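Engineer: Quick one: sequence and predicted model below, then my questions.
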Amino acid sequence: MMELLLKGVLIGTGATLLMDIWAILLWKVFRQPRPNWAPVGRWFWHLKNGTVFHDDIGRAAPYEHELALGWIGHYAVGILYGVMLVLIVGPTWLAAPTFLPAWIWGVVTVAAGWFLLQPGLGIGIAASRLPNANTVRIFNLLAHTVFGLGLYATALFLR
């Protein structure tokens with residue numbers, strides 16, 4: 001069981017790292033804005049008080065280390081998703097990883113962003129309060145597809 005959990009941690013870390021590399025490429029090549037993890041850190045900070053949903057996270061009380069907490073939260077969630085995938089698919093998949101389960105799981109995980117994080121930040125379900133909501137949704141799906149690819153690639157590397 002410990003080996004499964006360790007592999008899940010490594011797979012989640014690798015997938016999150018690939019997702020971050022993807023974001024850097026989008027920024028460097030296409031001038032897409034880089035993710036700002038500070039609002040996410042502020043959101044995580046306010047969870048300790050039981051506040052999940054904000055009208056506008058920018059108006060919530062700031063936290064001195066919110067950028068660092070956002071990055072930690074980003075990787076913690078990616079690791080959690082890696083562990084969950086490994087627990088769902090089991091050791092057979094780890095012995096011979098295939099792309100489809102990793103990709104499906106990667107795309108499924110976008111739901112947490114759309115239905116928990118984005119409403120929690122005050123930008124609505126699936127970014128519905130933003131003027132470019134459809135663009136945000138497409139980039140969310142692309143990023144989580146890359147995350148799924150990272151899950152698969154890291155599992156292959158660990159095999």
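Structural biologist: Looks like it came in fine. Note that the structure is predicted; figures quoted are calculated from it, not measured. Numbers count the residues shown, from 1 in each chain.
Engineer: ok, now how distant is the nearest residue to residue 75 once chain neighbours are set aside from residue 27?
Structural biologist: Closest residue to residue 75 apart from its sequence neighbours, by CB to CB, 6 or more residues apart in numbering: residue 16 at 5.4 Å. Yep, even glycine has a C-beta here, placed from its N, CA and C like the rest. According to CB to CB, to the nearest Å, residue 16 and residue 27 sit 17 Å apart.
Engineer: for residue 130, same thing?
Structural biologist: Taking CB to CB, one finds residue 130 at 19 Å from residue 27.
Engineer: before we move on, what about residue 74?
Structural biologist: Counting by CB to CB, the gap from residue 74 to residue 27 is 16 Å.
Engineer: the more surrounded of those two?
Structural biologist: residue 74 (18 against 13; other CB atoms under 10 Å).
Engineer: In what element of secondary structure is the more buried one found?
Structural biologist: In the assignment (DSSP states H and E), residue 74 maps to helix 66-95.
Engineer: After that helix, which helix or strand is next?
Structural biologist: Following helix 66-95 toward the C-terminus (DSSP H and E): helix 99-108.
Engineer: Mind listing residues that contact the next helix or strand after that following helix?
Structural biologist: Next in sequence after helix 99-108, counting helices and strands by DSSP H and E, comes helix 110-112. The contact list for helix 110-112 (CB atoms under 8 Å, 6 or more residues apart in numbering) reads 77, 140, 141, 144.
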